[in-house]
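*Asks:* Below is the sequence, then the predicted model.
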Amino acid sequence: MKERYDVILVGAGLFNAVLAHRLIGQGKSVLVLEKRNHIAGNCYTYEQDNIDVHKYGAHIFHTSNKEVWDFVNQFGEFNNFINSPIANYNDEIYNLPFNMNTFSKLFGIITPQQAEEAILKEKMMEKMCVPSNLEEQAISMVGRTIYEKLIKHYTEKQWGRKCTELPPEIIKRLPLRFTYDNNYFNDKYQGIPVAGYTKLIENMFDGCDILLETDFLADRAKWEGMAGQSGMADKIYYSGCIDEYYGYCYGPLEYRSVRFETVEYDKENYQGNAVVNYTSDEEPYTRIIEHKWFNNKGSDKTIVSSEYSSEWEKGEVPYYPVNNEKNNALYQKYKDIKNNKVEFVGRLGEYKYYDMDDTIEKALNIEL
Ligand code: UDP
């Protein structure tokens with residue numbers, strides 16, 4: 001370890017990994033502080049019985065941005081995984097995202113025109129308005145049958161809130177298409193790093209000093225006095241929660257958290273697919289992932305994780321910002337606090353529902 005660094009990065013997740021690579025390229029000295037005992041944030045994977053386990057849930061890399069795709073490919077090879085999740089609604093199986101396979105099974109139709117007619121018929125039964133919440137948005141996109149079977153309960157389990165109390169934007173992420181195409185993402189590039197996300201991100205951090213199990217906030221004065229030439233902290237990039245950094249002085253922001261129940265089975269195949277969403281309110285979990293199918297290296301065992309969504313509480317891992325009006329306004333108050341030393345970055349620092357590719361794009365483009 002050096003006595004002094006040009007830049008301190010708080011958090012060893014994806015955003016800071018990209019920053020680290022850029023900073024090292026500029027000849028800067030970089031210290032990374034990570035409070036967990038591993039790098040890679042929630043992208044972290046570890047290997048067990050020749051299976052890469054996504055400890056913090058499924059991470060499927062997808063992007064339409066060639067610059068981002070070329071950037072990540074410098075740090076490791078990607079496989080050709082295509083995400084084709086399945087929905088299980090009370091043991092009825094449907095393809096996702098909503099496409100001709102889904103419509104055919106739901107409505108008994110065959111052609112795209114028939115599917116459009118079936119959905120239009122459903123929509124005509126509703127009173128139409130400009131959608132002001134997720135329920136109205138979903139029904140205006142796909143009608144009530146799909147909403148009830150594939151959206152309502154899954155969303156309410158995931159967000160712990162009624163669909164009528166959630167913003168319409170969340171559901172706009174989901175593709176709707178009139179082809180027999182089960183590829184969940186519309187993006188041009190997609191895949192999983194063949195050596196695991198941890199290795200990929202480790203390669204991005206090449207040249208930095210990294211301290212694990214080091215909580216920046218527990219010793220803030222020490223670290224803030226360490227960055228920059230003059231003994232002053234001229235630059236710190238902080239990828240933790242902005243409200244926690246400021247001691248929750250305006251009150252806490254809301255986050256969703258996720259808990260995983262992970263089990264290893266002494267058999268080769270558990271559910272025949274990487275991702276199965278449970279879209280009814282019969283099961284308490286939102287989905288089950290079978291890790292080996294993301295990057296099949298061959299194993300006579302299998303590892304599956306059931307995903308339970310919960311309201312985040314202090315001390316837990318936050319996963320998703322809850323971007324409703326109240327929280328966005330509160331975030332803005334924190335953001336407006338003048339701070340020349342610290343820049344808040346990433347999903348938690350910026351309180352934004354970034355995907356991995358958004359994160360990288362943002363990190364590649366911020367002025368250093
Ligand atoms: N969603 C749903 N049914 C599904 C999958 C997703 O209703 O089977 C909705 C749900 O509201 C979710 C949103 O679509 O929050 C976005 O889903 P996505 O899979 O993009 O979420 P993530 O993978 O980021 O958790």
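*Replies:* Everything's here; your move. Numbers count the residues shown, from 1 in each chain.

*Asks:* Please list the residues of this structure that sit near the ligand.
*Replies:* 87, 96, 150-151, 154-155, 158, 170-171, 173-174, 277, 279 (CB under 6 Å from any ligand atom). No exception for glycine: its C-beta is placed from N, CA and C like everyone else's.

*Asks:* Please narrow those residues to those residing in helices.
*Replies:* Mapping those onto helices (DSSP state H) picks out 154-155, 158, 170-171.

*Asks:* can you map out the strands along the stretch 151-300 of the chain?
*Replies:* Using DSSP state E, counting those that start in this stretch, the strands of the stretch 151-300 of the chain run over 189-191, 209-211, 236-238, 255-265, 275-278, 287-290.

*Asks:* Please identify which pair of the residues of the chain next to the ligand lies farthest apart.
*Replies:* Greatest spacing in the residues of the chain next to the ligand, by CB to CB: 87 and 170 (16.8 Å).

*Asks:* So for those two, which sits in the more crowded spot?
*Replies:* residue 87 (23 against 19; other CB atoms under 10 Å).

*Asks:* who's the more buried one bridged to?
*Replies:* residue 94, residue 277 (DSSP bridges).

*Asks:* ok, it touching residue 150?
*Replies:* Yes. Between residue 87 and residue 150 a contact is recorded at 5.4 Å, counting by CB atoms under 8 Å.

*Asks:* For the two, list the residues in contact with both.
*Replies:* Residues touching both residue 87 and residue 150 by CB atoms under 8 Å, 6 or more residues apart in numbering: 94, 96, 279.

*Asks:* residues touching the first one, list them.
*Replies:* So the one you mean is residue 94. Taking CB under 8 Å, 6+ apart as the test, what residue 94 contacts is 86-87, 101-102, 105-106, 149-150.

*Asks:* One more pass at 7 Å, please.
*Replies:* 87, 102, 105-106, 150 (CB atoms under 7 Å, 6 or more residues apart in numbering).

*Asks:* pLDDT score assigned to it?
*Replies:* Listed pLDDT for residue 94 reads 98.

*Asks:* Please tell me how far it sits from residue 126.
*Replies:* Computed as CB to CB, to the nearest Å, the residue 94 to residue 126 distance reads 21 Å.

*Asks:* which regions of the stretch 151-300 of the chain lie under the pLDDT threshold?
*Replies:* Filtered on pLDDT under 70, the stretch 151-300 of the chain yields the residue ranges 227-233.

*Asks:* Go again with 50.
*Replies:* 232-233 (pLDDT under 50).

*Asks:* so what's residue 85 up against?
*Replies:* Going by CB under 7 Å, 6+ apart, the list of residues near residue 85 reads 96, 184, 275-277.

*Asks:* I'd like to know which of those are buried.
*Replies:* 96, 184, 275-277 (16 or more other CB atoms under 10 Å).

*Asks:* of these, closest to the ligand?
*Replies:* Checking the buried ones among the contacts of residue 85 against the ligand with CB to the nearest ligand atom, the nearest one is residue 277 at 3.8 Å.

*Asks:* just checking, the closest one touches residue 154?
*Replies:* Yes. Between residue 277 and residue 154 there is a contact under CB atoms under 7 Å: 5.9 Å.

*Asks:* Farthest-apart pair in the buried ones among the contacts of residue 85, please.
*Replies:* 184 and 276, at 12.6 Å, using CB to CB across the buried ones among the contacts of residue 85.

*Asks:* Grab the nearest non-local neighbour of residue 210.
*Replies:* Leaving aside its chain neighbours, residue 210 sits nearest to residue 32 (4.4 Å; criterion: CB to CB, 6 or more residues apart in numbering).

*Asks:* Give me the distance from stretch 287-295 to the chain's centre.
*Replies:* Put simply, stretch 287-295 sits 16 Å off its chain's centre (CA atoms, centre = their mean, to the nearest Å).

*Asks:* Just the endpoints, please. Distance across it?
*Replies:* 19 Å (CA to CA, to the nearest Å).

*Asks:* hmm, who's touching it?
*Replies:* For stretch 287-295, using CB under 7 Å, 6+ apart, the contacting residues are 51-54, 58, 79, 81, 192, 194, 270-271, 273-278, 299, 302-307.

*Asks:* just the buried members of the residues you listed?
*Replies:* Buried among the contacts of stretch 287-295 (16+ other CB under 10 Å): 51-54, 58, 81, 192, 270, 273-278, 302-307.
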